[in-house]
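Need coordinates for the following:
(one chain, ligands or ions: 1)
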Amino acid sequence: MNNISVIGAGTMGNGIAHTFAQFGYQVSLIDVKQDFLDKAIITIGSNLDRQVKKGTISDEIKEKTLANIKTFTSLEKGAEKAGLVVEAASENVEIKLDIFRQLDGICNECTILASNTSSISITKIAAVTKRPDKVIGMHFMNPVPLMKLVEVIKGYSTSEETCRKIFELSVNIDKIPIEADDYPGFVANRILMPMINEAIYTLFEGVAGVEEIDNVMKLGMAHPMGPLQLADFIGLDVCLSILTVLYDGFRNPKYAPCPLLINMVEAGKKGIKSGEGFYQYTKGSKELIVSGRFRK
Ligand SMILES: NC(=O)c1ccc[n+]([C@@H]2O[C@H](COP(=O)([O-])OP(=O)(O)OC[C@H]3O[C@@H](n4cnc5c(N)ncnc54)[C@H](O)[C@@H]3O)[C@@H](O)[C@H]2O)c1
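Next up is the predicted model:
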């Protein structure tokens, strides 16, 4: 499993590629446009610079990491030699099913196909391939080079052997794997998203303002970031889509997305990525410049 292909060079894909490459794996990073790949390499370079500055890696490791990553716009060329593929393309079921259908034809029959999906059923993805025993969820957390957890999701047909190999690999890249079965939201988002949704309802019902809600959770529960700021960081559109998966999957009204969240996403207020969510952000810097009580 020395050759690893990562599909999607966005927020998660570039972090996953960075992490595998840092631990000596040969990484093929694949996206639909060379522009996206070039941007990802720049991001990886500046994240590595930050690690060097902090003293967590040497200059030599930085150079080796960058040399271990090659970029491809062709799925076929980028995935044909892979022992493992980690798909981190956009959270869209049709895109993912199409990628897995193609991978099944491109990759060697022993290759493990993993998805970093936050919420789409691994069982459903596996069912479009002829190797459902070798399809698994490998759910990394953002930012990937820093966060220890990999939630390993076993689809209905995922074999014990596939699971064991992914556990070993996760440990090799200094992560801690935790197994979960394939039900909506797995574990991380099943717990996190209802908390974020409840924070939005608390705001929507006027119980307290944005800062008050976040400060209660930071000061009272020792959370490093309040739930509304965290929602901005994840992306409000992403939060809405995960809540919708939970709501549809369990058919339980407790997961119904707050109408304020729906309105904000429809208005294009998606959090940091759009410059405004529950807070406003200076363009590109991710720095918080305005905060305060949300006005309806
Ligand atoms: N952002 C997070 O905090 C987070 C955390 C855990 C898991 N995830 C999951 O990771 C995945 C990626 O999320 P992201 O935040 O990195 O998204 P993103 O929008 O930053 O990046 C997605 C990338 O996939 C590329 N892409 C789309 N279709 C493709 C295709 N057919 N072939 C190759 N590349 C394609 C896009 O061009 C884009 O560069 C999603 O499944 C998401 O649910 C995200």
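
Look through the stretch 1-150 of the chain and state the residue closest to the ligand.
Gly10 (1.8 Å; CB to the nearest ligand atom). Every C-beta, even on glycine, is put in place using the N, C-alpha and C of the backbone.

ugh, typo on my part, it should be the stretch 151-296 of the chain
Closest point on the stretch 151-296 of the chain to the ligand, by CB to the nearest ligand atom, is Ile234, at 5.1 Å.

which residues touch that residue?
142, 196, 271 (CB atoms under 8 Å, 6 or more residues apart in numbering).

Buried among these? Need that as a selection in PyMOL.
The buried residues among these can be selected in PyMOL (16 or more other CB atoms under 10 Å) with this line:
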select buried, resi 196+271
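
could I get the contacts of Ile234 as JSON lines with secondary structure and pLDDT?
Listed next are the contacts of Ile234 as JSON lines, based on DSSP: H, G, I helix; E, B strand; the rest coil; pLDDT from 0 to 100:
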{"residue": "Asn142", "secondary structure": "coil", "pLDDT": "91"}
{"residue": "Ile196", "secondary structure": "helix", "pLDDT": "98"}
{"residue": "Gly271", "secondary structure": "strand", "pLDDT": "93"}
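
that older thread, surely the residue of the stretch 1-150 of the chain closest to the ligand touches Glu91?
No - the pair Gly10 / Glu91 is not scored as a contact, 10.2 Å apart, by CB atoms under 8 Å.

Neighbour count: those two, which is higher?
Glu91 (20 against 15; other CB atoms under 10 Å).

you'd agree that one is up against Ser115?
No - using CB under 8 Å as the test, Glu91 is too far from Ser115 to be in contact (10.1 Å).

I'd like the average pLDDT over the longest helix belonging to the chain.
If you go by DSSP state H, the chain has its longest helix at helix 34-54. For helix 34-54, the mean per-residue pLDDT is 97.

Over to stretch 248-258?
96.

Report the buried residues of stretch 173-186.
Those would be 173, 175, 177-178, 180, 182, 184-186, for stretch 173-186 by 16+ other CB under 10 Å.

how about the residues you listed in TSV, adding distance to Arg50, pLDDT and secondary structure?
Formatted as TSV, the buried residues of stretch 173-186 follow (distance: CB to CB, whole Å; pLDDT from 0 to 100; DSSP: H, G, I helix; E, B strand; the rest coil):
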residue	distance to Arg50	pLDDT	secondary structure
Ile173	18	98	coil
Lys175	19	98	coil
Pro177	25	98	strand
Ile178	27	98	strand
Ala180	31	97	strand
Asp182	35	97	coil
Pro184	35	95	coil
Gly185	31	95	coil
Phe186	29	96	coil
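
Find the pair from the residues you listed with maximum spatial separation.
Ile173 and Pro184 (27.2 Å; CB to CB).

of the buried residues of stretch 173-186, closest to Asp98?
Distances from Asp98 to these, taken by CB to CB, are shortest for Asp182, at 20.1 Å.

So the closest one is in contact with Ser121, correct?
Yes - using CB under 8 Å, Asp182 is in contact with Ser121, at 6.0 Å.

Now do the shared contacts for the two.
With CB under 8 Å, 6+ apart as the test, Asp182 and Ser121 both reach Gly155.

Below-threshold pLDDT in the stretch 1-150 of the chain: ranges please.
Within the stretch 1-150 of the chain, no stretch falls below the threshold (pLDDT under 70).

all helices in it, in order from the N-terminus.
11-22, 34-54, 59-67, 75-79, 93-106, 122-126 (DSSP state H, counting those that start in this stretch).
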